[in-house]
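Chemist: Quick one: sequence plus predicted model below, questions after.
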Amino acid sequence: MHAFKGNLIWTEEPGRFRTIKDGYLLIEDGVVAGTAEKRPSGIDITDFGSSLILPGLYDLHIHAPQYMFAGLFMDDELLQWLDRHTFPLEARFSDKDFAFDAYTAFVEDLRNSCTARASIFGTIYRESTIMLMSLLEESGLHGYVGKVSMDRNSPDILREDTDEAISEEIRFLEESSSFRNVKPIITPRFIPSCTDRLLSYLGAIAKERNLPVQTHLDENPSEVEWVRELCPGSRSYADAYDSFGLMDGRSIMAHSVWVTEEEMDLLSYHDAWVAHSPSSNMNLSSGIAPVRRFMERGIKTGLATDTAGGSSLSMFRMITDAIQASKLRWRLVDDALPPLRFSEAFYLASKGGGSFFGKAGSFEPGYAADILILEDSSKDMTVLSPELSIEEKLEFYAYRSPDRKPLAKYVEGKRVI
Ligand code: GUN
Ligand code: FE
């Protein structure tokens, strides 16, 4: 047993912070054993002074190969952005040296961020995707990585034929089984990129091998319209995924900006996940997802950067972007859905998305010891600092220092910063 001392803050449900000033977080074998107000006796204590101690944050949807162009090419909408920039640049990951340099930079920056675990897209190239998994494993981060499946509607250099997509997926699953903390996830890019045969195969293999799934749903109006044409027999985009067996309790549906109530019924029925990506949805002019509605309906929701749709790896930026987007949606689109509060958005980024990875994102006993130690940034940035509560110090940090490197980060009790 070991304890960390500092200003503890976490959420167990949306909308309510738990805090302990100068408190103790008890950790045993990589797991949270509890919290205490009084100094526990007979155990080692690491004193982090006035620092904030909070759970790790979780990025439910990010494209590793796109990190190299995060912050570029933001003048296009989704489909043009994919054709003009994303597909040609992802094609370069067939070159292993190029992939190694780009993935090394990605993993180093993700390690130094507040993200503890992530669900990550690679590219169609098996070898460089395995390389990415190996770099992540070395970094101490945890998460899922998918070899992307694509067998239609992309340039020749970034398209597999269907049989090849299937055999490469099987080999990918074999080769990725040796990693401890980084696990494979079935990753059909989105319906326009995959034939019905490939989608059915991927759905079947996910069921057969009990694997999670990640893909994109209802991101942009022109994409939604295209899927309507591609799947004339389906009632909706979500229904199409369902018909291929790709929607269940371990499927992440990134974006879900334009989902109808009927599609939400399907998400609820299957207990599927939404990865809300507010920065990306603004950058690519996709829209504003009805996150409050997801929460009202009990749809499992986490936050995501969707880099390079999002230009930043910072989950604190996702928290503040989610709040700001929800305010615009409330004011301009639907005043029946009140904006997110800071405590709610923090919950989505911690326990909300963390639960995809198991017991992660909270300080309740039995949760993984995924821990961030953050300097109290208000100390050197505002004279109000001595008057601020722990919640206020965290809010200040999120808005004013979202990119600051944590003083320390632990994933399952292992120090990675
Ligand atoms: N839909 C299909 N592929 C992508 C991608 O790479 N990024 C985003 N934002 N949406 C997608
Ligand atoms: Fe994406």
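Modeler: Arrived safely, thanks for sending. Ligands and ions are numbered 1, 2, ... in the order given.

Chemist: Report pLDDT for residue 208.
Modeler: Here, the pLDDT recorded for residue 208 equals 98.

Chemist: What is the neighbour count of it?
Modeler: Around residue 208 sit 9 other residues, with neighbours defined as other Cβ atoms under 10 Å. No exception for glycine: its C-beta is placed from N, CA and C like everyone else's.

Chemist: Also the one 5 residues further on?
Modeler: In terms of burial, residue 213 registers 27 neighbours under the definition other Cβ under 10 Å.

Chemist: which residues does it contact?
Modeler: For residue 213, the contacting residues are 185-188, 202-203, 206, 246-248, 250-252, by Cβ atoms under 8 Å, 6 or more residues apart in numbering.

Chemist: Tell me the pLDDT of the one residue in the stretch 51-200 of the chain that gets nearest to ligand 1.
Modeler: Relative to ligand 1, the nearest point of the stretch 51-200 of the chain is residue 190 (4.2 Å; Cβ to the nearest ligand atom). Listed pLDDT for residue 190 reads 98.

Chemist: Check the burial of it by counting its neighbours.
Modeler: Residue 190: 23 surrounding residues under other Cβ under 10 Å.

Chemist: Next, it: phi, psi?
Modeler: Backbone torsions for residue 190, taken as degrees, to the nearest 10, come to phi -170, psi 170.

Chemist: Now do the biggest helix by length in the chain, average pLDDT.
Modeler: Secondary structure of the chain read by DSSP state H shows that its longest helix is helix 315-332. Averaging pLDDT along helix 315-332 yields 98.

Chemist: again, but for stretch 46-58
Modeler: Rounded mean pLDDT across stretch 46-58 is 98.

Chemist: how about that stretch: buried residues?
Modeler: 48, 51, 52, 53, 54, 55, 56, 57, 58 (16 or more other Cβ atoms under 10 Å).

Chemist: wait, doesn't the second one sit right on residue 407?
Modeler: Yes. Applying Cβ atoms under 8 Å, one finds residue 51 in contact with residue 407, separated by 6.0 Å.

Chemist: Please enumerate the shared neighbours of these two.
Modeler: Common contacts of residue 51 and residue 407, defined by Cβ under 8 Å, 6+ apart, comprise 373, 374, 375.

Chemist: Let's see the pLDDT reported for residue 179.
Modeler: Per-residue confidence (pLDDT) for residue 179: 98.

Chemist: wait, what's in contact with it?
Modeler: By Cβ under 8 Å, 6+ apart, residue 179 lies in contact with 133, 134, 137.

Chemist: With pLDDT, neighbour count and secondary structure added, can I get those residues in CSV?
Modeler: Compiled in CSV, these are given as follows (pLDDT from 0 to 100; neighbours: other Cβ atoms under 10 Å; DSSP: H, G, I helix; E, B strand; the rest coil):
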residue, pLDDT, neighbour count, secondary structure
133, 98, 27, helix
134, 98, 17, helix
137, 98, 18, helix
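
Chemist: Could you report the separation of residue 406 from residue 12?
Modeler: Separation of residue 406 from residue 12 (Cβ to Cβ, to the nearest Å) stands at 22 Å.

Chemist: same thing with residue 88?
Modeler: Residue 88 sits 45 Å away from residue 12 when distances are taken as Cβ to Cβ.

Chemist: now residue 19
Modeler: Residue 19 is 12 Å from residue 12, by Cβ to Cβ.

Chemist: Then residue 22?
Modeler: Taken as Cβ to Cβ, the span from residue 22 to residue 12 is 21 Å.

Chemist: which residues does the residue in the chain positioned nearest to ligand 2 contact?
Modeler: Closest to ligand 2 within the chain is residue 306: 4.3 Å, counting by Cβ to the ion. Counting by Cβ under 8 Å, 6+ apart, residue 306 makes contact with 61, 62, 63, 254, 255, 275, 277, 279, 280.

Chemist: Let's see that with 6 Å instead.
Modeler: If you count contacts by Cβ atoms under 6 Å, 6 or more residues apart in numbering, residue 306 has them with 61, 277, 280.
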